[in-house]
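Asks: any chance you can model this:
(chains A, B, C and D)
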Number of protein chains: 2
Amino acid sequence: MLDNSQYIEKLRSSGLRPTKQRIKICEVLFNSEKTFHFTINELVKRISKSTNEKISLATVYNTVHAFKNKGYLKEIPINSDQSYFDTNTSHHHHFYDETQKDLIDIDDADVEPVKINTRIPGKKIKSVEVLVKVEDDKS
Amino acid sequence: MLDNSQYIEKLRSSGLRPTKQRIKICEVLFNSEKTFHFTINELVKRISKSTNEKISLATVYNTVHAFKNKGYLKEIPINSDQSYFDTNTSHHHHFYDETQKDLIDIDDADVEPVKINTRIPGKKIKSVEVLVKVEDDKS
DNA sequence: TCAACAGTTTAGAACTATTATAATGTAGAA
DNA sequence: TTCTACATTATAATAGTTCTAAACTGTTGA
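Replies: Numbering: from 1, shown residues only, chains lettered A, B, ... in the order given. Predicted structure coming up:
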């Protein structure tokens, strides 16, 4: 077993019990150098590749939602038959390649600050997300 | 029967046969003064309110997809268990009120042009959509 | 240390939105 | 009118997600 104390701390500090399933999912999600996008289906595959102990599908769903609520994951707003999540929780945007059905990060520095010159009374802005749809350039 | 020649023309000109189901759906979608957002479920309800002749659910799905492909409707990228469509096909953006689960248009004029300073080689930009999530301001 | 309890996991059922199927119907052309 | 390709329909099938309720486990406090 590697050093998972960081994940145990992370979980405990946000009121989530550090169960072995949650720690394993943390490893799969947060151990990699680069952040990435995933669907539940893809996450389940990554998990089975990295462990022999099966984690129930329901637990994967529960955990992803818990992590999303705690701000450890972001859900990407996109029209798809599946939900897409992002381990990159910093402020950034996305290209969606409609030809390849592929999501690509756009660094926040590559997008001029989006100015919204209107407000809804009594509401505060929680996030501003830009989705840039692209397709093959056949010109 | 009201004057539906505009819809018959519209359908015919885009290679869709003007069936009575499609004409009825055009009426429900495009007769109102204001544009609006809807889910398939909501559209089915609107249809049943405005006619006695039942339109099959499959036809509603087929028609909405056909209209979307022809550019008469836009699908709104949002995380939801249902697809949201918009009869406003002009370039504009959305607030999503997470408290009320409500979508609100943002006029294009109220958003400073979004500048994306990066590109994907071989791909061209098809659309740039901004989703502003808001919640109740409890301050 | 250990009992107790609240939180967690689990397999599988249930649910819901959407798509596929295949038979019947219909608009438009000849 | 007849023919044919396109549309509609009810229903079945599919797929992602959530629910259920029983078994399990981390944590607390005696």
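
Asks: show the contacting residues for the residue nearest the centre of chain A.
Replies: For chain A, the residue nearest the mean C-alpha position is A:D86 (2.0 Å; C-alpha atoms, centre = their mean). In this structure, A:D86 makes contact with A:T35, A:F36, A:H37, A:L73, A:K74, A:E75, A:I76, judged by C-beta atoms under 8 Å, 6 or more residues apart in numbering or on different chains. (Glycine included, C-beta is placed from N, CA and C.)

Asks: what about A:K24, how many residues nearby?
Replies: 19 (other C-beta atoms under 10 Å in any protein chain shown).

Asks: wait, it sits on A:I47?
Replies: Yes. Using C-beta atoms under 8 Å, A:K24 is in contact with A:I47, at 6.7 Å.

Asks: re earlier: how about the nearest residue to the residue nearest to the centre of chain A once chain neighbours are set aside, what does it touch?
Replies: In this structure, A:D86 finds its nearest non-sequential neighbour in A:K74, 4.6 Å apart by C-beta to C-beta, 6 or more residues apart in numbering or on different chains. The contact partners of A:K74, taken as C-beta under 8 Å, 6+ apart, are A:K68, A:F85, A:D86, A:N88, A:T89.

Asks: what do you get if the cut-off is 10 Å, keeping everything else the same?
Replies: The neighbourhood of A:K74, defined by C-beta atoms under 10 Å, 6 or more residues apart in numbering or on different chains, consists of A:35, A:37, A:67-68, A:84-92, A:127, A:129.

Asks: which of those sits closest to DNA strand C?
Replies: Of all these, A:F67 has the smallest distance to DNA strand C: 10.9 Å, by C-beta to the nearest atom of the strand.

Asks: my guess is that closest one contacts A:V28. True?
Replies: No. With contact defined as C-beta atoms under 10 Å, A:F67 does not reach A:V28; the gap is 11.4 Å.

Asks: by contact count, what packs against the longest strand that chain A contains?
Replies: What stands out as the longest strand in chain A, according to DSSP state E, is strand A:123-136. If you count contacts as 3 or more C-beta pairs under 10 Å, 6 or more residues apart in numbering or on different chains; DSSP states H and E, strand A:123-136 packs onto strand A:74-76, strand A:93-97, strand A:102-106, strand B:93-97, strand B:123-136.

Asks: other SSEs contacting the helix or strand encompassing A:E9?
Replies: Assigned by DSSP states H and E, A:E9 belongs to helix A:5-13. Applying 3+ C-beta pairs under 10 Å, 6+ apart, one finds that helix A:5-13 contacts helix A:20-30, helix A:57-70.

Asks: buried ones in the shortest one?
Replies: Read it as helix A:20-30. Residues of helix A:20-30 classed as buried by neighbour count (16 or more other C-beta atoms under 10 Å in any protein chain shown): A:Q21, A:R22, A:I23, A:K24, A:I25, A:C26, A:E27, A:V28, A:L29.

Asks: and the pLDDT at the last one?
Replies: Among the per-residue scores, A:L29 holds a pLDDT of 97.

Asks: thinking it is in contact with A:E42, fair?
Replies: No. Using C-beta under 10 Å, A:L29 is not in contact with A:E42, being 11.4 Å away.

Asks: ok, now which ones touch A:G71?
Replies: A:G71 sits next to A:S14, A:T89 when contact means C-beta under 10 Å, 6+ apart.

Asks: try it again at 8 Å.
Replies: Counting by C-beta under 8 Å, 6+ apart, A:G71 touches A:T89.

Asks: just to revisit the earlier point, give the intersection of the neighbour lists for A:K24 and A:I47.
Replies: Contact criterion C-beta under 8 Å, 6+ apart; residues shared by A:K24 and A:I47: A:I55.

Asks: A:T51: which of the contacts of A:D86 is nearest?
Replies: Nearest to A:T51 among the contacts of A:D86: A:F36, at 18.2 Å, using C-beta to C-beta.

Asks: related to what we said a few turns ago, nearest to A:R12, of the helices and strands packed on helix A:5-13?
Replies: Closest to A:R12 of the helices and strands packed on helix A:5-13, according to C-beta to C-beta: helix A:20-30, at 10.4 Å.

Asks: what parts of chain A come near DNA strand C?
Replies: Contacts of chain A with DNA strand C, taken as C-beta under 7 Å from any atom of the strand, map to A:16-17, A:19, A:21-22, A:53-59, A:62-63, A:81.
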